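# Okay, predicted coordinates and the sequence, questions at the end:
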Amino acid sequence: MLNLLEDKVSVITGGTRGIGKAIVEAFLREGASVCVTGRSKPGGFEEWVERNSLESRIEFFKFDVADSASVRKALLEMKKRFGHIDVLVNNAGVEYNELIGMIDEGHMHTTFETNVFGTILMTQYASRMMKARKTGSIVNISSGVGIKGNAGQSVYAASKGAVNAFTKSAAKELARDGIRVNVVAPGLTDTHMLDKTNKDAIAARIAGIPIGRLARPQEIAEACVFLASDRSSYITGQILAVDGCSIM
């Protein structure tokens, strides 16, 4: 029995830690070749690749998803390396938690440049390559706060709400080319991004999750595997919340 992503060439932005790293590992387990992107290469990356005998199936590309010229150059390099692109996961993102009266304008620009403009640029260039084969799956990582909002996260929520809206429009536009576009919207997830968050605040939010715990990065990754695979061939334009029933 073939793995779900056997022989699929996948691009995963922000794939060096947290949810992104879990997605990379899940895609590799399912047989994909993976282009990992980030603004810096993680320490020990080559050793990890060699230790797991992944040299033929993974490569790191250093660039900023908000830089149009860098995006175009990197995707052309990916195509040259692997021949084509089947899957794009737009996971790269930044988050600043600031009350409305304390919003930093620089943080606001950075949030939209990475979370929104980066997602649009990557989708634009990757979909051009996918059109040639009339097939492809794009998975955008949003957030539960992009659906329901959250005090102290207005800018972040707005950026993720924009990703949700972009996804629905892109899905309608690209469907005729055989390209599906969906969102995975994680709830509160146990990653490094919580390290500096007040523990009492985290406990209060967990108390509001019906399933009673944080999401694991691997659980977000498995949702991405499903939407990237042919098992979801008639699903597009959807927002899949992986949040322990927090939104309902």
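Arrived safely, thanks for sending.
# Could you pull out the strands in this structure for me?
Secondary structure of the chain (DSSP state E): strands at 9-12, 33-38, 58-62, 87-90, 136-141, 179-186, 239-242.
# Could you pull up the mean pLDDT of the fourth one?
Yep, that's strand 87-90 we're talking about. Averaged across strand 87-90, the pLDDT comes to 98.
# Check the fifth one too.
pLDDT averaged over strand 136-141 equals 98, rounded to a whole number.
# Turn the strands of the chain into a markdown table, including distance to residue 214.
C-betas here are computed from N, CA, C, even on glycine. Compiled in a markdown table, the strands of the chain are given as follows (distance: least, Cβ to Cβ, whole Å):
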| stretch | distance to residue 214 |
| --- | --- |
| strand 9-12 | 22 |
| strand 33-38 | 24 |
| strand 58-62 | 28 |
| strand 87-90 | 21 |
| strand 136-141 | 16 |
| strand 179-186 | 10 |
| strand 239-242 | 12 |
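# between those strands, which gets nearest to residue 229?
strand 136-141 (7.7 Å; Cβ to Cβ).
# Quickly run through the sheet partners of the closest one, with directions.
When pairing is defined by DSSP bridges, strand 136-141 lines up against strand 87-90 (parallel), strand 179-186 (parallel).
# what's the spacing between the lowest-mean-pLDDT helix or strand in the chain and its chain's center?
Ranking every helix and strand in the chain by mean pLDDT, DSSP states H and E puts helix 199-207 at the bottom, with a mean of 87. Averaging C-alpha positions (Cα atoms, centre = their mean, to the nearest Å) puts helix 199-207 25 Å from its chain's average.
# And stretch 98-116, by the same measure?
19 Å.
# next one: stretch 151-163
Computed by Cα atoms, centre = their mean, the chain-centroid distance of stretch 151-163 equals 16 Å.
# what are the C-alpha coordinates of it, in CSV please?
What follows is stretch 151-163, C-alpha atoms only, in CSV (Å, rounded to 0.1, in the frame of the first residue of the first chain):
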residue,chain,number,x,y,z
ALA,A,151,-8.6,40.1,22.8
GLY,A,152,-5.0,41.3,22.5
GLN,A,153,-4.5,39.6,19.1
SER,A,154,-6.5,42.0,16.8
VAL,A,155,-3.7,42.4,14.2
TYR,A,156,-2.8,38.7,14.1
ALA,A,157,-6.5,37.8,13.9
ALA,A,158,-7.0,40.2,11.1
SER,A,159,-4.1,38.7,9.1
LYS,A,160,-5.4,35.2,9.5
GLY,A,161,-8.9,36.3,8.6
ALA,A,162,-7.4,37.7,5.4
VAL,A,163,-5.8,34.3,4.8
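# and that stretch, average pLDDT?
Mean predicted lDDT for stretch 151-163 stands at 97.
# in it, what's buried?
Buried residues in stretch 151-163, counted by 16 or more other Cβ atoms under 10 Å: 153, 154, 155, 156, 157, 158, 159, 160, 161, 162, 163.
# Take these and keep only those in helices.
Within the buried residues of stretch 151-163, residues falling in helices by DSSP state H are 154, 155, 156, 157, 158, 159, 160, 161, 162, 163.
# biggest separation within those, which pair?
Going by Cβ to Cβ, the pair spanning those furthest: 154 and 163, at 15.2 Å.
# sorry, back to before: want to try TSV for the strands of the chain, with mean neighbour count and distance to residue 98 as columns?
TSV is the format used below for the strands of the chain (neighbours: other Cβ atoms under 10 Å; distance: least, Cβ to Cβ, whole Å):
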stretch	mean neighbour count	distance to residue 98
strand 9-12	27	28
strand 33-38	25	24
strand 58-62	17	29
strand 87-90	28	23
strand 136-141	26	21
strand 179-186	24	21
strand 239-242	19	24
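# that older thread, which one among the ones in helices among the buried residues of stretch 151-163 gets closest to residue 81?
Nearest member of these to residue 81, counting by Cβ to Cβ, is residue 163, at 27.3 Å.
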